[in-house]
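> Here's a sequence, model it:
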Amino acid sequence: MSSTNLKNFQLANGEKTDILIADGKIQDIGPTLSGDKAIDIGGKLVIPGVIDAHVHFREPGGEKKEDWTSGSQAAATGGVTSVIDMPNNNPAIINKKTLGLKRDLAQKSLVNYGFYLGATKNNHDEIKTAPNIAGVKIYVGSSTGDLLVDQDEDIAKLFSIPDIQWVIHAEDEKIITSNAKKMADVDNPAIHSEIRERKAAIKAVKRIIKLASQAGARVHICHISTKEEIELIKKAKENKLNITCEVSPHHLFLNRRAYKKFGNLVKVNPPLREIEDNEALWQAINDGIIDIIATDHAPHVLDEKWQDYNKVPSGIPEVQTSLPLMMNEVSQKNISLEKLIQIMCQQPAEIFKLKNKGQIMEGYDADLTVIDQVMIKTINKSELKSKCSWSPYEGWELKGWPIMTFVNGNLVYNNGKINDQLKGRELNYGKI
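Okay, the predicted model is just below:
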């Protein structure tokens, strides 16, 4: 069994040390280790590989936007070593047959990968028997795709299935549908924040927390966007409910002002909110109310985004840019490095019970991200790996960039170069 020694790197606590990797795992951590070969990290920072628990890599069915090769290249370039992919594909991933199709396609991924099954009103037996899934996604409000379960009695029946990690898109369908009818003739991207108004998210989160409390369900709420949702989730946590939540970068860094510059490019579900919501979300990260950063990486090609508002699909590509955006906040002392590691590496592994992921420890998988904390670079679309080839953050100058990404001990990304001969592995999960 050959071994690799990663020499001369810095941990988050400032300690300088080496890591010995063998058979894809961390064998030893300490000074002056030796292996069959050595890679000198040059004193740079090493953190556990970033885990993005919310991506849409579009395959099967949307390969013109993204596939497992391009999506995983973007992930690896952004320091992400594991992703969990959403089920709103074509066909939707709602049973063992479609899950098997996606599982076969994902084997070309450069990073580790996992899957959610999509919930419908009548696929309970499939949910109970689906092999090796991270959880089950319930779309309480409609989004891109045709998965929707919006009636309380149907959600309650799903929540009665034991030992499932439920993952929720929480927007109220009745509010969205009513507003969409009232504003059907308006062709203005900014109207998206009116149609999917904050009340839709707040009402849906209230409903989900109530139903989860009644059933004792384990629930993760996706992409929260408002200060009111934060207060609801804070109270749920204080009441010891099994509720976790995520925030996506666009709800931290963008707000309704972005429509003026980007128009339909920033049409996303839930929509962009107010500056006050940005501020509340940042505070909730530092207060420990928000558990993880998850990008909701949702690429669409420009031809789709340049249509009239009512025809434009929702979504923003972010898997490659999330870590640089957050490292820049570390450099500005708006968030600590320890908190970044907690919400991008450790807690995603804990919530989704990912075995041997999320920490730099002996026996854990050698998923590692090397960061140059002093590198200053501008986001440039020519360097984006997603097939959609655009970003609302293009031109942003950021400090702190991933320069090397190790997946299961393999150097997949190295200073702008990708080794696409090395493939990731399917994630495994512990007991809930």
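> and the longest helix for this protein?
helix 198-215 (DSSP state H).
> Whatever helix or strand comes next after that one: how far from the chain's middle?
Moving toward the C-terminus from helix 198-215, the next helix or strand (DSSP states H and E) is strand 218-221. In terms of C-alpha atoms, centre = their mean, to the nearest Å, the centre of strand 218-221 is set 15 Å apart from its chain centre.
> Kindly report the same for stretch 319-329.
12 Å.
> what do you get for stretch 243-250?
9 Å.
> can you pull the contacts of Ala226?
In this structure residue 226 is Thr, not Ala. 198, 201-202, 273, 277, 280 (C-beta atoms under 8 Å, 6 or more residues apart in numbering). All C-beta atoms are positioned from the backbone trio N, CA, C, and that covers glycine.
> give me that answer again for 6 Å
Thr226 makes contact with 198, 201, 273, 277, according to C-beta atoms under 6 Å, 6 or more residues apart in numbering.
> Regarding the nearest residue to Ile164 once chain neighbours are set aside, what is its secondary structure?
Among residues not flanking Ile164 along the chain, Val136 sits closest, at 5.5 Å (C-beta to C-beta, 6 or more residues apart in numbering). With DSSP: H, G, I helix; E, B strand; the rest coil as the basis, Val136 sits in strand.
> Find the nearest non-adjacent residue to Ala22, please.
Distances taken as C-beta to C-beta, 6+ apart place Ser3 nearest to Ala22, at 4.1 Å, with adjacent residues excluded.
> and if you look at Phe9?
In space, Phe9 is closest to Ile41, 3.7 Å off (C-beta to C-beta, 6+ apart).
> separation between that neighbour and Asn5?
Separation of Ile41 from Asn5 (C-beta to C-beta, to the nearest Å) stands at 10 Å.
> What average pLDDT does stretch 232-247 get?
For stretch 232-247, the per-residue pLDDT values average out at 98.
> how about the helices in the stretch 251-400 of the chain?
258-262, 275-287, 302-305, 322-331, 337-341, 347-351 (DSSP state H, counting those that start in this stretch).
> could I get those helices as CSV with mean pLDDT, mean neighbour count and distance to Leu252?
Shown next, in CSV, are the helices of the stretch 251-400 of the chain (pLDDT from 0 to 100; neighbours: other C-beta atoms under 10 Å; distance: least, C-beta to C-beta, whole Å):
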stretch, mean pLDDT, mean neighbour count, distance to Leu252
helix 258-262, 97, 15, 12
helix 275-287, 98, 16, 6
helix 302-305, 97, 14, 21
helix 322-331, 98, 22, 8
helix 337-341, 98, 18, 12
helix 347-351, 98, 23, 16
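> Distance to Leu384 added to the ones you listed, as JSON lines?
As requested, those are exported to JSON lines (distance: least, C-beta to C-beta, whole Å):
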{"stretch": "helix 258-262", "distance to Leu384": "16"}
{"stretch": "helix 275-287", "distance to Leu384": "24"}
{"stretch": "helix 302-305", "distance to Leu384": "12"}
{"stretch": "helix 322-331", "distance to Leu384": "12"}
{"stretch": "helix 337-341", "distance to Leu384": "22"}
{"stretch": "helix 347-351", "distance to Leu384": "23"}
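> For Gly114, which three-state class applies?
Per three-state DSSP, Gly114 ends up strand.
> With Pro348 as the reference, measure out to the nearest residue to it once chain neighbours are set aside.
Spatially, and ignoring its direct neighbours in sequence, Gly114 is nearest to Leu427 (3.7 Å; C-beta to C-beta, 6+ apart). Leu427 sits 11 Å away from Pro348, going by C-beta to C-beta.
> Return the backbone torsion pair for the residue nearest to Ile224 when sequence neighbours are not counted.
Nearest residue to Ile224, sequence neighbours excluded (C-beta to C-beta, 6+ apart): Cys245, at 5.2 Å. The phi/psi pair for Cys245 (degrees, to the nearest 10) reads phi -150, psi 170.
> Cys245 pairs with what?
On the basis of DSSP bridges, Cys245 is bridged to Ile221.
> and it, what is it in contact with?
Applying C-beta under 6 Å, 6+ apart, we find Cys245 in contact with 221, 224, 233, 290-291.
> again with Ser142
Leu148 are the contacts of Ser142 under C-beta under 6 Å, 6+ apart.
> A strand includes it, no?
No - assessed with three-state DSSP, Ser142 is coil; it does not lie in a strand.
> Next one: it from Asp150, what distance?
8 Å.
> that older thread, so which of the helices of the stretch 251-400 of the chain comes closest to Lys385?
With C-beta to C-beta as the measure, helix 322-331 is the member of the helices of the stretch 251-400 of the chain nearest Lys385 (13.5 Å).
> So what's the gap between the closest one and the chain middle?
15 Å.
> Check which helices and strands that helix sits against.
In terms of contacts (3 or more C-beta pairs under 6 Å, 6 or more residues apart in numbering; DSSP states H and E), helix 322-331 is packed against helix 337-341, strand 397-407.
> In TSV: these, plus distance to Tyr259.
Formatted as TSV, the helices and strands packed on helix 322-331 follow (distance: least, C-beta to C-beta, whole Å):
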stretch	distance to Tyr259
helix 337-341	29
strand 397-407	23
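> which stretch among these comes nearest Val186?
Closest among the helices and strands packed on helix 322-331, using C-beta to C-beta: strand 397-407, at 35.3 Å.
> pLDDT weak spots in this structure?
Within the chain, the stretches with pLDDT under 70 are 1, 143-146, 431-432.
> Most neighbours among the contacts of Thr226, please name it.
Using other C-beta atoms under 10 Å as the neighbour criterion, Ala201 leads the contacts of Thr226 with 29 neighbours.
> which ones are touching that residue?
Counting by C-beta under 6 Å, 6+ apart, Ala201 touches 171, 226, 229, 270.
> ok, now Leu99?
Per C-beta under 6 Å, 6+ apart, neighbours of Leu99: Ile93.
> What values do phi and psi take at Ala76?
Backbone torsions of Ala76, given as degrees, to the nearest 10, read phi -60, psi -40.
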